[in-house]
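Asker: Let me see the structure of the following:
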Amino acid sequence: MIRILFVCLGNICRSPMAEAILRDLVKKRDLTEKISVDSAGIGHWHAGEQPHEGTRKMLDRKQISYEGLLARQIHKNDWDDFNYIIAMDDQNIKDLKKVNEVENGPVIAKLMDYVEKPLEGNVPDPYFTGDFDYTYELVSEGCKELLKFIRQNDNI
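Answerer: This next block holds a predicted model:
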């Protein structure tokens with residue numbers, strides 16, 4: 001089982017959006033027995049909350065389920081539990097290294113690292129920009145490319 005964890009600042013906008021999108025892609029490709037997806041935030045501020053209203057509205061429009069998604073904070077055990085920890089921006093990567101820096105752990109990368117010619121290197125936070133459409137566009141493309149990479153890299 002390949003386990004993927006998406007990470008953003010508060011785990012209410014970008015990372016739960018990515019979790020829902022990738023779960024949907026995995027389900028549609030009948031890969032739920034081979035790939036699991038979760039998300040977490042650097043901070044604890046929103047722990048236990050549903051995704052942001054803007055994220056929920058966007059996922060509703062795209063008919064992608066976010067049922068059961070509740071924010072949580074990342075913890076050191078995640079390095080043992082996941083094969084891939086995928087951040088939304090450079091600051092998330094820096095913060096992840098502060099939480100736990102291990103030599104032989106999961107792949108730590110940004111979502112846009114998997115896109116050949118990304119529009120942006122970082123996924124802007126719609127909590128601050130208000131642009132959930134653009135975030136969805138970037139995250140959706142990133143999730144498709146990440147899934148393609150994992151299927152090739154991990155022979156799924």
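
Asker: mind listing the strands for the chain?
Answerer: 2-8, 35-41, 84-87, 107-110 (DSSP state E).

Asker: Give me whichever of those strands is most buried.
Answerer: Mean neighbour counts were taken over these using mean count of other Cβ atoms under 10 Å, and the top value, a mean of 26, falls to strand 84-87. From N, CA and C alone the C-beta is placed, and that goes for glycine too.

Asker: Packing partners of that one?
Answerer: For strand 84-87, the elements it packs on are strand 2-8, helix 90-99, strand 107-110, helix 132-153, judged by 3 or more Cβ pairs under 8 Å, 6 or more residues apart in numbering; DSSP states H and E.

Asker: Put together JSON lines for the ones you listed, with distance to Ile21 on each row.
Answerer: Output for these, formatted as JSON lines (distance: least, Cβ to Cβ, whole Å):
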{"stretch": "strand 2-8", "distance to Ile21": "9"}
{"stretch": "helix 90-99", "distance to Ile21": "17"}
{"stretch": "strand 107-110", "distance to Ile21": "16"}
{"stretch": "helix 132-153", "distance to Ile21": "5"}
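
Asker: Please name whichever of the strands of the chain is nearest to Ala71.
Answerer: Checking these against Ala71 by Cβ to Cβ gives strand 35-41 as the closest, at 5.8 Å.

Asker: returning to that earlier point: same list as before, the strands of the chain that is, but in JSON lines and with distance to Gly54 and mean pLDDT included.
Answerer: Putting these into JSON lines (distance: least, Cβ to Cβ, whole Å; pLDDT from 0 to 100) gives the following:
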{"stretch": "strand 2-8", "distance to Gly54": "13", "mean pLDDT": "98"}
{"stretch": "strand 35-41", "distance to Gly54": "16", "mean pLDDT": "98"}
{"stretch": "strand 84-87", "distance to Gly54": "20", "mean pLDDT": "98"}
{"stretch": "strand 107-110", "distance to Gly54": "21", "mean pLDDT": "96"}
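
Asker: coming back round to it: out of the helices and strands packed on strand 84-87, deepest packed?
Answerer: Among these, strand 2-8 has the highest mean neighbour count (mean count of other Cβ under 10 Å), at a mean of 24.
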